[in-house]
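# fold the following and give me the result.
(one chain, ligands or ions: 1)
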Amino acid sequence: MPIENDHVFVLAPSIAILFLAALLGTCWLVQRQQRFLLWQCSAYSLTAVPLGFQSFASADVLQRYAVLVGALYLLGSWCLTRSWAERWNVSIHPRVALMVSIATLSALFYFSRVEQNMWARVNSFSIGTGLVLLLPIWEALQKQRSKERLDQAFFWLCVIFTAYTFTRPLLISLLGFSDPKGFVHSTYWLITLMSILLFALLFTVLMCAITLRETINQLRRERDHDALTKILNRRAFHEAAQQRMADKRLYPMVVLAGDIDHFKRINDAWGHHRGDQVLQLVSSTLQRCLRTHDLVARFGGEEFVLLLTRIDLQNAESVAQRIRSELSADRTVLPQGPDLSMSFGIAPITDSDQLEKVLKEADELLYGAKNAGRDRVHVAGTHYPDISFESTAPMGLHMAPLNE
Ligand SMILES: Nc1nc2c(ncn2[C@@H]2O[C@H](COP(=O)(O)OP(=O)(O)OP(=O)(O)O)[C@@H](O)[C@H]2O)c(=O)[nH]1
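Model prediction:
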């Protein structure tokens, strides 16, 4: 059969939708995390096939295969609902979708085989697919959704597309194109093709933007957080601390440098895995002491740093003492082991201070607490006669065990 020019023209949207499906499929293959991309890709592929078929078929052939074509579209709509449900983290009931699909296919059968009525066929199909698409939207309306602008845009695009699916035959007939006969040549069909292509494009652009945003956010999270304890790392702490220090309302502020005592012994006696659990326990204990605007970070090894806002040295010392007593009483990780203990150095921040200078001071105080026998808190401005400084240890190098 020779391919006519207008056939090629009406086939173009199906081919374009297949390209979009390939794009979404590739996005999923590259990162294998956003499963909604895969469902959307399946929906496009399943829709492009009957769309292409309809562009070629005569009215008689269409009537004969109405149920099969309808079934493919419904399957495509089901994949679309799975994609949206995945995105919004809602569950949809396959049984309801199945019942709607059976009713729709029965109507298609009736209006193509028993009573031949193209208009009723088109309308019953639109209502059926619209109802399937409504399922995840209904669920999403019942729960709190993301306030992110892209997610909001995605949700409303889904709502508009569903409303359009319900009313498409009516809308197009309102425009004056009420005769869907002779499909390939009808304006009705061209408007249908173009609108589906437009929606597919909009969905693809939004989904790619959402995926890109989430990939970047994930990379940022990994860059800023310690993989084991999930709290800030040294780099991110510096960045966040500079911001806090620039805010005059958050003063007085202090830095607490803390270090688990004899952590090497825990590793040696109980294994590295248990050591990791101790690090996680310490970070969660430290996190519990935080208030809004406070920061906690793991600087490396078993060394942690806190920045506490709107607090004086005396109260900061109480916080450190509370952390010490909570840790020593906690038997969750080492039920039969020794009490966990930590040493702290606490230094104040004044608005003219450099962060590095305060960290160094807190670290020297911590070093003093270790020298003085560990399991204690040393606060700036207090005289500790039992300290035997040998030298000023640089940040992070003070943990070498002393010969006791
Ligand atoms: N399990 C575990 N151990 C770590 C990790 N990072 C560093 N360590 C270990 O932490 C130990 C730190 O030992 P030291 O620097 O001697 O410090 P310490 O034994 O706590 O002695 P003091 O600080 O002087 O009380 C080393 O044995 C490191 O191998 C980690 O992510 N997980």
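# tell me the domain boundaries of the chain?
5-223, 232-379 (automatic domain parsing).
# which among these is found nearest to the ligand?
domain 232-379 (2.7 Å; CB to the nearest ligand atom). Every residue, glycine included, has its C-beta placed from N, CA and C.
# confidence-wise, which of the domains of the chain is weakest overall?
Sorting the domains of the chain by mean pLDDT places domain 5-223 lowest, at a mean of 90.
# near the ligand, which residues of the stretch 251-400 of the chain are found?
259-264, 267, 272, 275-276, 279, 301-302, 370, 374, 399-400 (CB under 6 Å from any ligand atom).
# same thing but 8 Å
Contacts of the stretch 251-400 of the chain with the ligand, taken as CB under 8 Å from any ligand atom, map to 259-268, 272-276, 278-279, 300-302, 343, 370, 374, 398-400.
# list the helices and strands the strand or helix carrying Leu279 packs on?
For Leu279, the element it lies in under DSSP states H and E is helix 272-288. With contacts defined as 3 or more CB pairs under 8 Å, 6 or more residues apart in numbering; DSSP states H and E, helix 272-288 has these neighbours: strand 253-260, helix 263-270, strand 295-300, strand 303-308, helix 313-329.
# what residues of it count as buried?
Using 16 or more other CB atoms under 10 Å as the test for burial, helix 272-288 gives 275, 277-279, 281-283, 285-286.
# quick one, that helix and strand 295-300 angle?
For helix 272-288 against strand 295-300, the angle by axes from the mean of the first three to the mean of the last three CA atoms, to 10 degrees is 160 degrees.
# list the contacts of helix 272-288.
226, 228-231, 258, 260, 263, 266-267, 296, 298, 302, 304, 306, 323, 326-327, 330, 332-334, 340, 342 (CB atoms under 8 Å, 6 or more residues apart in numbering).
# send me it as PDB with only the CA atoms.
The C-alpha coordinates for helix 272-288 follow below in PDB (Å, rounded to 0.1, in the frame of the first residue of the first chain):
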ATOM      1  CA  HIS A 272      34.800  -2.200  63.100                       C
ATOM      2  CA  HIS A 273      31.000  -2.800  62.600                       C
ATOM      3  CA  ARG A 274      30.300  -2.200  66.200                       C
ATOM      4  CA  GLY A 275      32.600   0.800  66.100                       C
ATOM      5  CA  ASP A 276      30.400   2.200  63.300                       C
ATOM      6  CA  GLN A 277      27.300   1.600  65.400                       C
ATOM      7  CA  VAL A 278      28.900   3.600  68.200                       C
ATOM      8  CA  LEU A 279      29.600   6.500  65.800                       C
ATOM      9  CA  GLN A 280      25.900   6.400  64.800                       C
ATOM     10  CA  LEU A 281      24.700   6.300  68.400                       C
ATOM     11  CA  VAL A 282      26.900   9.300  69.300                       C
ATOM     12  CA  SER A 283      25.700  11.300  66.300                       C
ATOM     13  CA  SER A 284      22.000  10.600  67.100                       C
ATOM     14  CA  THR A 285      22.700  11.600  70.800                       C
ATOM     15  CA  LEU A 286      24.300  14.800  69.700                       C
ATOM     16  CA  GLN A 287      21.400  15.500  67.300                       C
ATOM     17  CA  ARG A 288      18.900  15.200  70.100                       C
END
